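S.K.: here is my input; please provide its structure:
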Amino acid sequence: MKLFYKRSNNDAFRIETLTLGREILMLFTICSAQGMVQAALAQSFIPNIVIGESFHAKSHDTAWYPAAYGLTCGAFMLACGRVGDIVGHKKLFVGAWFWFSLWSLIAGISSYTESQVFFDVCRAFQGIAAAALVPCSLAILGTIYKPGPRKNLAFSLYASGAPIGFTLGAAFSGLLAELAAWPWAFYISSIVCLIYGLLALISVPDLHIHSAQEKGSFDYKGTFIIIPEIGLILLNFAWNRAPEVGWASSQCIAPLIISLFLITIFFPIEKKATHPIIPVAEIDRNATWILLIEGLGWSSFGILCYYSINFIIHLRGDSMLLAAAYLAPVPPAGLAASILTSNLLSCRVNPAAILAFSLIWFCVGNIILATMSVHQSYWLGIFWSYLLSPFGMDMSFPAGTIILSDLMAPEKQGIAASLIATIVYYSQSLGLGLAGVVEKDVANGSVLQGYRGAWYLAIGLSGLGLGVGTVFALVSMSGGNPGFSLKKRDHKSTQECPESQK
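M.R.: Numbers count the residues shown, from 1 in each chain. Below you'll find the predicted structure:
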């Protein structure tokens, strides 16, 4: 593959070396994309009660505020990853910021309509912006950096944006909802996204790694099946709607059957496509196990977030400000996890082992919440859950992303990035739907019992992921055809672990 960049003496880059100032600004903008995506998700967690009251919503309907966002965020990533490969990742990255700004503004204005459906639609359109930001930002990093410690650090810093962004989004949305009005969180987000769009335009270098012939065409047939309107949205809608209308309703049965049928026929179609949205034939089949492990872990994390905040506000009776303050351990824990992951990757620890290890913390975080009493001290329960669970986030995401990024060619970094990101964000939305069904079925009139049922489900999901991940890591380290192989890496640019870290 011929790259249309000048080779630099610095082996860390695929392009000519960036100035330090521009590289820092670029990394800040790209890492902020991950932070803003999570911040937007958190905007509807803490103030969901206040938002629901303004729309006169039923209790189960408030789960749609984060679910609608996560649904389109996950379901559109495959398409957006391929669009970025065709039109250019920088162009789509910049455009996504402006789209995010627009629909954040409209989401705030939706408070005047008193229509919950319209607000859910606005959240869904916000999710489309996030669906473009994530694969494009990851593809930009994968294109600019060659495999090695610098790339590992960049991906780890990117992952650290998730807990920081989530905490800031939750804190400010709670603060504004309690002291002003909940739409202000969306108005401020609109301004912030506009600023980031301008920074991206300035700091991100132009990326031209493939010719017009190499770009190929867009897989309209495959995308039509897998994008939300036809495939994933129907599956998610069925699970998230079931707690309210029941599984016997046609609102659940029909979408579920259609979605399963379309998703089933998607992969045979992709194998025959000239320019598939998912290059099924080119991806190591063991990557399926990596995606499964990621999905199980992150679905449990979505349940942990939503039900822990509802537990704090509904059952403990704490204010939204205090609920936001409880999240204080998340950013430092996320940063520590990112640094640890970067060091482990630089020491050439098998990413499959890191991925398996990350599932422990998803599981432990949910176990703590599921077994604590309502008025147990924050320092003995919630604090430890919020301190440990970010290690699941910021170890699993870079490990999985590094694996697929290094397995894919430079011109297909958008596809590689979108595969992991699709699983991460879509599984959170789907996990909430599964938890809603369990919550309603086991509650028997007790809100606490329903919440515990949701957490037990999360423990089961993350526990299953831990079991699968452990087996996969053991097979990988024993030389049994792992999903990630150092043979596929550029050894010349990969430095050995410093003696102090051995």
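
S.K.: just for this protein, where's the confidence low?
M.R.: The model of the chain has pLDDT under 70 over residues 1-11, 14-17, 59-60, 208-232, 240, 243-245, 267, 269-286, 405-417, 479-502.

S.K.: Tyr326: neighbouring residues, count only.
M.R.: 23 (other C-beta atoms under 10 Å). Every residue, glycine included, has its C-beta placed from N, CA and C.

S.K.: quick check: closest non-adjacent residue to it.
M.R.: Ile382 (5.6 Å; C-beta to C-beta, 6 or more residues apart in numbering).

S.K.: likewise Met36?
M.R.: Nearest to Met36 is Gly165, by C-beta to C-beta, 6+ apart, at 5.9 Å.

S.K.: and that neighbour, backbone torsions?
M.R.: phi -60, psi -40 (degrees, to the nearest 10).

S.K.: what of Tyr145?
M.R.: Residue torsions, per degrees, to the nearest 10, at Tyr145 are phi -100, psi 140.

S.K.: for it, which residues count as its bridge partners?
M.R.: Phe13 (DSSP bridges).

S.K.: ok, back up a step: can you tell me which residues contact the residue nearest to Met36?
M.R.: By C-beta atoms under 8 Å, 6 or more residues apart in numbering, the contact set of Gly165 is 32, 34-39, 42.

S.K.: how about 6 Å then?
M.R.: Going by C-beta atoms under 6 Å, 6 or more residues apart in numbering, Gly165 touches 35-36, 38-39.

S.K.: check the residues you listed and tell me the two furthest apart.
M.R.: Greatest spatial distance in the contacts of Gly165: Met36 and Gln38, 7.4 Å, computed using C-beta to C-beta.

S.K.: wait, Met26 sits on Ser203?
M.R.: Yes: using C-beta atoms under 6 Å, Met26 makes contact with Ser203 at a distance of 4.3 Å.

S.K.: which of these two has more neighbours?
M.R.: Met26 (21 against 18).

S.K.: pretty sure the more buried one sits in a helix.
M.R.: Yes: membership of Met26 in a helix is supported by DSSP: H, G, I helix; E, B strand; the rest coil.

S.K.: list the contacts of it.
M.R.: By C-beta under 6 Å, 6+ apart, the contact set of Met26 is 203-204.

S.K.: mind redoing it with 7 Å?
M.R.: Under the criterion of C-beta atoms under 7 Å, 6 or more residues apart in numbering, the neighbours of Met26 are 18, 203-204.

S.K.: got the residues you listed as JSON lines, with secondary structure and distance to Gln116 columns?
M.R.: Below are the contacts of Met26 laid out as JSON lines (DSSP: H, G, I helix; E, B strand; the rest coil; distance: C-beta to C-beta, whole Å):
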{"residue": "Leu18", "secondary structure": "coil", "distance to Gln116": "46"}
{"residue": "Ser203", "secondary structure": "helix", "distance to Gln116": "38"}
{"residue": "Val204", "secondary structure": "coil", "distance to Gln116": "37"}
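
S.K.: out of these, who's nearest Phe118?
M.R.: Of all those, Val204 has the smallest distance to Phe118: 33.4 Å, by C-beta to C-beta.

S.K.: next, count neighbours for that closest one.
M.R.: By other C-beta under 10 Å, neighbour count at Val204 equals 22.

S.K.: distance-wise, check the nearest residue to it once chain neighbours are set aside relative to Ser110.
M.R.: Once flanking residues are discounted, Val204 sits nearest to Lys90: 5.0 Å by C-beta to C-beta, 6+ apart. As for Lys90, its distance to Ser110 is 31 Å (criterion: C-beta to C-beta, to the nearest Å).

S.K.: still on that earlier bit, looks like the residue nearest to Tyr326 contacts Leu327 (just checking).
M.R.: No: contact criterion C-beta atoms under 7 Å: Ile382 and Leu327 do not qualify, at 9.4 Å.

S.K.: if I pick Leu92, what's in contact with it?
M.R.: 80, 83-84, 132, 136.

S.K.: tally of neighbours for Gly436?
M.R.: 24.

S.K.: for the host helix or strand of it, the distance to its chain's centre please.
M.R.: Gly436 belongs to helix 413-443 when assigned by DSSP states H and E. Chain-centre distance of helix 413-443: 9 Å, with C-alpha atoms, centre = their mean, to the nearest Å.

S.K.: heading C-terminal from that helix, find the next helix or strand.
M.R.: As the chain continues past helix 413-443, the following element, by DSSP H and E, is helix 447-477.

S.K.: same for that following helix, what does it pack against?
M.R.: Judged by 3 or more C-beta pairs under 7 Å, 6 or more residues apart in numbering; DSSP states H and E, helix 447-477 is in contact with helix 287-310, helix 351-371, helix 413-443.

S.K.: so how far is Ala107 from the closest residue to Ala325 other than its chain neighbours?
M.R.: Using C-beta to C-beta, 6+ apart and skipping residues adjacent in sequence, the residue nearest Ala325 is Ala171, 7.5 Å away. Per C-beta to C-beta, Ala171 is found 19 Å from Ala107.
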